[in-house]
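A.B. asks: Below is the sequence, then the predicted model.
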Amino acid sequence: MKMRVASTVVLSLVLFACSCAPVATRASVTRSLEFGGEQIPYDVYVPAAQGQRPVLLVLHGARGRGGDMLQLWQEMADEQGIILVAPTLSLSAEQEARIPQLIPALMAEATRGLAFDPRRVYVFGYSAGGYFTYDIATLLSTRFAAAAVFAMVIAPEYASIVDRAQRKTPIAIYIGDHDSFWTVDQTRATRDLLVSRGFPVHYVEIANQGHGYAAIAQTINRDAWAFMSSATLP
């Protein structure tokens, strides 16, 4: 596994808005996966880049949609040649229990017929989607090279998921110091839990930032992709 960061803990980092010029984008395709008697819609975005491209699964927060996340990642996808997969999921305990079966089925369906690198498959989750991301990074650790989470923690009662990981997935964690749902102390506890189990962690606290993601998405995405893309599956 190739990694630029082995076990990094960043206590405080102020992020500034990216001033990158917009780039041309291609249209996304909306499809649906039948799983467990439920139709799960998802969007796929394929950039113009050629060859075996990396794949990024992006997971929305409560009351969000896959298309929302896809739009926030399209610019980075065009720059870096990333295939985006953006499902719209019901963020419930019942859905979480199905993650180990649902996500492999979704990824297989979404990437069918596409030229992609199976060693470079990643996941990013915001808020409630971040909880699913922790599940994926631990319970599906041999399928995803790295993960990133903005504005979500691992609740103490579910801490045992980290001990179920077959592989120590590199994980980037972002939290605003004014988040209205999760405190910095709670997020540091998640960081410390993962580090104590040997997970490579890139941890970022964002000054004067609340729970919202869209306004700082470009900056978060750029940092998260720099971290995630440095890892590959064996």
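C.D. replies: That came in fine, so what should we check first?
A.B. asks: confidence score at Ala147?
C.D. replies: Ala147 is assigned a pLDDT of 99 by the prediction.
A.B. asks: Wait, it touches Thr169, no?
C.D. replies: Yes - here Ala147 reaches Thr169: they are 5.7 Å apart, a contact under Cβ atoms under 8 Å. C-beta here means a position set from N, CA and C on the backbone, and glycine is covered the same way.
A.B. asks: what do those two both touch?
C.D. replies: Contact criterion Cβ atoms under 8 Å, 6 or more residues apart in numbering; residues shared by Ala147 and Thr169: Ala137.
A.B. asks: Buried residues of the helix or strand containing Trp225, list them for me.
C.D. replies: Trp225 belongs to helix 217-228 when assigned by DSSP states H and E. When burial is assessed from 16 or more other Cβ atoms under 10 Å, helix 217-228 yields the following buried residues: 217-225, 227-228.
A.B. asks: Return the residues in contact with Tyr131.
C.D. replies: Going by Cβ under 8 Å, 6+ apart, Tyr131 touches 91, 96, 125, 152, 154.
A.B. asks: can you tell me how far the closest residue to Gln52 other than its chain neighbours sits from Pro41?
C.D. replies: Distance criterion Cβ to Cβ, 6 or more residues apart in numbering; nearest residue to Gln52, sequence neighbours excluded, is Asp117 at 4.2 Å. Distance, Asp117 to Pro41, by Cβ to Cβ, to the nearest Å: 26 Å.
A.B. asks: Met76 too?
C.D. replies: 22 Å.
A.B. asks: before we move on, what about Val204?
C.D. replies: As judged by Cβ to Cβ, Val204 and Pro41 stand 31 Å apart.
A.B. asks: neighbour count winner among these two?
C.D. replies: Between Val204 and Pro41, Val204 has the larger neighbour count (other Cβ atoms under 10 Å), namely 23 against 15.
A.B. asks: all strands of this structure, in order?
C.D. replies: 29-35, 38-45, 53-59, 83-87, 116-126, 146-150, 171-176, 201-206 (DSSP state E).
A.B. asks: re earlier: quick one: the residue nearest to Gln52 and Gly81 touch, right?
C.D. replies: No - the criterion here is Cβ under 8 Å, and Asp117 misses it with Gly81 at 10.3 Å.
A.B. asks: mind listing what's buried in the helix ranked longest in the chain?
C.D. replies: Secondary structure assigned by DSSP state H gives helix 66-80 as the longest helix of the chain. Going by neighbour count (16+ other Cβ under 10 Å), the buried part of helix 66-80 is 66-78, 80.
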